[in-house]
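J.: how does the following fold in three dimensions:
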Amino acid sequence: LQKVKNDLEMVLSTVRSKNKQLEEELKRERQWYEEQKQMLETLNKIEEATTQVEHPSTKREFDDLKNKVLKLKTYKDELLSALGKFLDEHFPLPEKGENTKKKNASAEPAVELITLQEILEMLINKLMTTPHEPYVTINESFWPPYIELLLRCGIALRHPEDPNRMRLQAFHK
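T.: Numbering: from 1, shown residues only. Model (predicted):
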């Protein structure tokens, strides 16, 4: 009977030891399961966020934006056309006979003058393409009264150090 009791105590201690190991393993498995669950939730949130970023608008909204852009482009073209007509009508280039001062000074034909619209286009393009260096060099093809008009009306500004350079006033800022 004593032997059976000792054997049962040994079995009991072995079972308790095995039980303790299984409980520790179960604890580790539960911790691993919780970590995997959190990781899955995080990945699902990331996936959800990327799908929202990739598909923020429906096709109809995209078409609406496309139509608005087309309308703005046609409006811009209409404005530029109207500006061109206005400038051609009210600010024509000087005729050959008007420039009597230079006529006596040189017998060579003068440089081809550019229109006020071309000057404005150059200034706008320069400001938009290189905002850090918006100055345009004034050469002989710029008619001086046009330059004075732009400067006096505050549309253009001279370079502070070089009077042969000017830029468009940054109205958009």
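J.: ok, I46 - how many residues close by?
T.: Neighbourhood size, I46 [other Cβ atoms under 10 Å]: 10. Using the backbone N, CA and C atoms, a C-beta is placed for each residue, glycine as well.
J.: look at it and give its secondary structure.
T.: What DSSP: H, G, I helix; E, B strand; the rest coil gives for I46 is helix.
J.: any idea how far E24 is from it?
T.: Counting by Cβ to Cβ, to the nearest Å, the separation of I46 from E24 is 33 Å.
J.: just E9 next, same as before
T.: E9 sits 23 Å away from E24 when distances are taken as Cβ to Cβ.
J.: continuing past the lowest-mean-pLDDT helix or strand in the chain, what's the next helix or strand?
T.: Least confident helix or strand, the chain: helix 100-105 with a mean of 48, by mean pLDDT, DSSP states H and E. Tracing the chain past helix 100-105, the next element assigned as helix or strand by DSSP states H and E is helix 116-129.
J.: could you point out the helix or strand that follows that following helix?
T.: strand 136-137.
J.: ok, that next one: who's next to it in the sheet?
T.: strand 165-168 (antiparallel) (DSSP bridges).
J.: so how far is the partner strand off the chain centroid?
T.: Counting by Cα atoms, centre = their mean, to the nearest Å, strand 165-168 is centred 25 Å from the centre of its parent chain.
J.: what does that strand rub up against?
T.: Applying Cβ atoms under 8 Å, 6 or more residues apart in numbering, the contact partners of strand 165-168 are 120, 123-124, 126-127, 134-138, 147, 150-151, 155-159.
J.: rerun that using 10 Å as the cut-off
T.: For strand 165-168, contacts defined as Cβ atoms under 10 Å, 6 or more residues apart in numbering pick out 119-120, 122-128, 131, 133-138, 142, 147, 150-151, 155-159.
J.: pull out the buried residues from the residues you listed.
T.: Using 16 or more other Cβ atoms under 10 Å as the burial test, the contacts of strand 165-168 include 119-120, 123, 126-127, 134-136, 138, 142, 147, 150, 156-157 as buried.
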